[in-house]
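Enquirer: need the 3D shape of this:
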Amino acid sequence: MDKIKFSQFEFEEVSNKGKYKSAVESLLFVCGEPISLKEISRILDISEGQTEIVIELLKEDYNNRDRGIKLISLNNCYQLVTKPENSDYIQKLLKKNVRQTLSQASLESLAIIAYRQPVTRIEIDEIRGVKSESAVQKLIERNLIKEVGRLDVPGRPKQFATTDEFLRQFNLHDIKQLPALNLFEDAANDDVSDETAADKEKKE
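Expert: Predicted coordinates:
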């Protein structure tokens, strides 16, 4: 989005700019989860157009300073997240991130869902060559995937797709930014043992 001057919209006072920026920052910090533009606008009691300008100004503040957090957009929702370059320090604190705690079977299933969504568990099984029920369930529990419908065939199997949490974990604004498949392959190689997916499924 091009840089937009705050004066494009009429506020009662110029000082409102700082007030609304402060309010948006507080809302995003307290919530932790993505908040929609519509919801922020409702809380601030200003138009969505005005709210979007305030958010863009706040984004500029974060981008122009040496800050440890940034403001991102996910499907027209907004969230404060830590900057990727600080991930090493954060991992020392948290010890394990999502990819490190996922089994190889779960990582393989997640990659298939991400690139072929919406997809059924049967389709995942066929691609992997082993049962994926346990892996899919773990991804649902981690809020990385969700049910988005049912296939119109006998049995009406569930279809799965990735969530906003998936986008956040992999630093994506939307699914169109999905990188090469080796992102998941590298994660699997780095974060899990060399056991086969079939062995993993048996243990699960």
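Enquirer: only C-alpha atoms from now on, for both contacts and neighbour counts.
Expert: Will do.
Enquirer: could you check how far residue 43 is from residue 74?
Expert: In this structure, residue 43 and residue 74 are 19 Å apart, going by C-alpha to C-alpha, to the nearest Å.
Enquirer: when the two are compared, which one has more neighbours?
Expert: residue 74 (19 against 11; other C-alpha atoms under 10 Å).
Enquirer: show me the contacts for the more buried one.
Expert: Going by C-alpha atoms under 8 Å, 6 or more residues apart in numbering, residue 74 touches 34, 164, 167-168, 172-174.
Enquirer: swap in 6 Å and give it another go.
Expert: By C-alpha atoms under 6 Å, 6 or more residues apart in numbering, the residues touching residue 74 are residue 173.
Enquirer: quick check: mean pLDDT of stretch 173-183?
Expert: With pLDDT averaged residue by residue, stretch 173-183 scores 74.
Enquirer: and for stretch 120-138?
Expert: Rounded mean pLDDT across stretch 120-138 is 90.
Enquirer: who touches that stretch?
Expert: For stretch 120-138, contacts defined as C-alpha under 6 Å, 6+ apart pick out 105-106, 158-159.
Enquirer: all strands for the protein, in order.
Expert: 35-36, 69-74, 77-82, 119-120, 145-150, 158-162 (DSSP state E).
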